[in-house]
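*Asks:* Next come a sequence and a model predicted from it.
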Amino acid sequence: MREVDLAVVGAGPAGLTAAIEGAKRGYSTVVLDMNPRPGGQLIKQIHKFFGSREHRAGTRGIEIADTLFYEAASAGVEVIVEAEVYAIHDSTLEVVVQTFAEDSLILPSEEATTSRSRPLSIAARRIVLATGGAENALSFAGWTLPGVMGAGAAQTMINLWRVLPGERILMVGAGNVGLIVSYQLMQAGGEVVAVIEATPRIGGYGVHAAKIRRAGIPILTSHTIVSASGESRVERAVIAKVDASWEIVPGSEQELEVDTICIAVGLYPNARLASLAGCELHYFPGLGGWIPVHNSRMETTVSGIYVAGDLSGVEEASTALEEGRLAGICAAASLGKERAGDHDEIKAIEGRLLGLRSGPFCQHRQDAKQELIGIGEAQCPQQ
Amino acid sequence: MRVVHHPILGNLPEVQQVRIWVDGKEIAARKGEPIAAAIAAAGIKIHRHTTKREEPRGIFCGIGQCTDCVMVVNGVPNVRTCITPVTEGMTVETQHGAGRGGR
């Protein structure tokens, strides 16, 4: 049985910042991630981020991932990749490290073995869950055919692995993910036939939509996908106009010859592990779905288990970076060594989070988080 | 299809080649990439067939969350090909149902 002060699940922006704060305060900190490399979904974000300079606007996500991993390694954080946490009980994480590789990327310690699957139990005094989110599916005739995939899956394939999953693509959803990934599919050499959006308005930022339109790709609002079909894989899609009550307008159907259909209809928090650990969940549609109830210190209803990032409400990488720091500082402070600057740092993070959650696109998230934290303050363990 | 030229990421860097066998056919993969990327680059879209209806399935989430892309790897069924890197000489088979012995 390994023993650590702080165990973090997920090596994305929230998990890595939480771990950095723990390690900086002198606590033994381990990060577990099931992927072969750390960075979470930052490693496929090749566009420049928006926002203020303190949130690394103008920097591409891939660069932020590198910086964070370097910072974590320098602080003494141990990151174990290809490590799946499948249970948490009595402050112990049950992990299976799965790999076929002989030179497994377990970093930086050399605990790797060449076995494909190796169990590992880690007793942790504090746990931060930063398991992120996953893409929503959309049900329509033919939705399970190979070639129908999440927009994020396509983004991973082109930007991280440099493989174009298809040549003629239909994008379903004109939020920021749908718009950005459409543009990136073009950059990778794909042909985006159309972007369709069921609501009457484009959900993403105008600047992203403008880039798509300048490239001559139609963005069809009030349009939905009716079906995908083909022999064992997508060969065509049928789309149609919808009216104000979301009914398909008869006769408006059109067939598109495509080999790939990307679904960009939002994400949900990946709360499976939190749920297994006994954290109470609450449903917040504006934050993506079922979310572990947490207080202002990011602690859940299970004492000693904290959450951060998309798991505690689907937002942006910038909010995940802040929430991770907040969870890391609070988890470390609860271990008994509150540092002189902690209080000011927490206030500063809260101020920046408020800034990130203001404005016409984001105010609803601030309102939902406030409600969530209100529930958390009543239900979560008191300090 | 490999994305060889890219306006932001530049040209595809050269890396060590790794050979894998997919349903008996040799495929050239790039060291460090997951199985799903290697077979997508080779034009393969079907990863498995479902237990009851034998329906084809391929990549859906690409990040290890959904398990739609599982295949039989080195004889082990239910391996998520999107987060499992290739290794030299690896054998990959289209999975039927729950995998070997599981139908």
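*Replies:* That came in fine, so what should we check first?

*Asks:* Now the residue of the stretch 1-150 of chain A found nearest chain B. Nearest residue, chain neighbours left out?
*Replies:* Residue nearest to chain B within the stretch 1-150 of chain A (Cβ to the nearest Cβ): A:Pro146, separated by 2.9 Å. In this view, the C-beta of every residue, glycine as well, is placed from N, C-alpha and C. Leaving out its chain neighbours, the residue that sits closest to A:Pro146 by Cβ to Cβ, 6 or more residues apart in numbering or on different chains is B:Gly58, at 2.9 Å.

*Asks:* Same question for B:Arg2.
*Replies:* Leaving aside its chain neighbours, B:Arg2 sits nearest to B:Ala41 (5.4 Å; criterion: Cβ to Cβ, 6+ apart).

*Asks:* So the one you found sits against B:Met1, correct?
*Replies:* Yes. With contact defined as Cβ atoms under 8 Å, B:Ala41 counts as touching B:Met1 (6.8 Å).

*Asks:* for chain B, where's the lowest mean pLDDT among helices and strands?
*Replies:* Here the helix or strand of chain B ranked lowest by mean pLDDT, DSSP states H and E is strand B:76-80, holding a mean of 92.

*Asks:* what residues are up against the residue nearest to A:Pro36 when sequence neighbours are not counted?
*Replies:* Among residues not flanking A:Pro36 along the chain, B:Pro85 sits closest, at 5.1 Å (Cβ to Cβ, 6+ apart). Counting by Cβ atoms under 8 Å, 6 or more residues apart in numbering or on different chains, B:Pro85 touches A:Pro36, A:Thr99, A:Phe100, A:Ala101, B:Gly32, B:Glu33, B:Pro34, B:Ile35.

*Asks:* Which members of these are the farthest-apart pair?
*Replies:* Using Cβ to Cβ, the two most remote members of the contacts of B:Pro85 are A:Thr99 and B:Glu33, lying 14.6 Å apart.

*Asks:* the more surrounded of the two?
*Replies:* A:Thr99 (23 against 20; other Cβ atoms under 10 Å in any protein chain shown).

*Asks:* ok, and does the helix or strand encompassing A:Asp66 reach over to chain B?
*Replies:* In the assignment (DSSP states H and E), A:Asp66 maps to helix A:61-75. No. Judged by Cβ under 8 Å from any Cβ of the partner chain, helix A:61-75 makes no contact with chain B; its nearest approach is 8.6 Å.

*Asks:* just how off-centre is that helix within its chain?
*Replies:* Relative to the centre of its chain, helix A:61-75 is centred 17 Å away, using Cα atoms, centre = their mean, to the nearest Å.

*Asks:* And the next helix or strand after that helix, what does it pack against?
*Replies:* The helix or strand immediately downstream of helix A:61-75 is strand A:78-80, counting by DSSP H and E. In terms of contacts (3 or more Cβ pairs under 8 Å, 6 or more residues apart in numbering or on different chains; DSSP states H and E), strand A:78-80 is packed against strand A:29-32, helix A:61-75.

*Asks:* can you tell me which residues contact A:Glu350?
*Replies:* A:Ser296, A:Leu326.

*Asks:* hey, C-alpha coordinates of the helix or strand containing it in CSV?
*Replies:* A:Glu350 belongs to helix A:342-356 when assigned by DSSP H and E. The C-alpha trace of helix A:342-356 is given here as CSV (Å, rounded to 0.1, in the frame of the first residue of the first chain):
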residue,chain,number,x,y,z
ASP,A,342,-3.2,31.1,1.6
HIS,A,343,-6.1,33.3,2.6
ASP,A,344,-5.2,36.1,0.1
GLU,A,345,-4.5,33.6,-2.6
ILE,A,346,-8.0,32.0,-2.2
LYS,A,347,-9.6,35.5,-2.3
ALA,A,348,-7.7,36.3,-5.5
ILE,A,349,-8.7,33.0,-7.1
GLU,A,350,-12.4,33.6,-6.2
GLY,A,351,-12.1,37.1,-7.7
ARG,A,352,-10.7,35.7,-10.9
LEU,A,353,-13.4,33.0,-11.1
LEU,A,354,-16.0,35.7,-10.7
GLY,A,355,-14.5,37.5,-13.6
LEU,A,356,-14.5,34.4,-15.8
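
*Asks:* Compare the mean pLDDT across the helices and strands packed on strand A:78-80 and name the weakest.
*Replies:* Of all the helices and strands packed on strand A:78-80, helix A:61-75 carries the lowest average pLDDT, namely a mean of 91.
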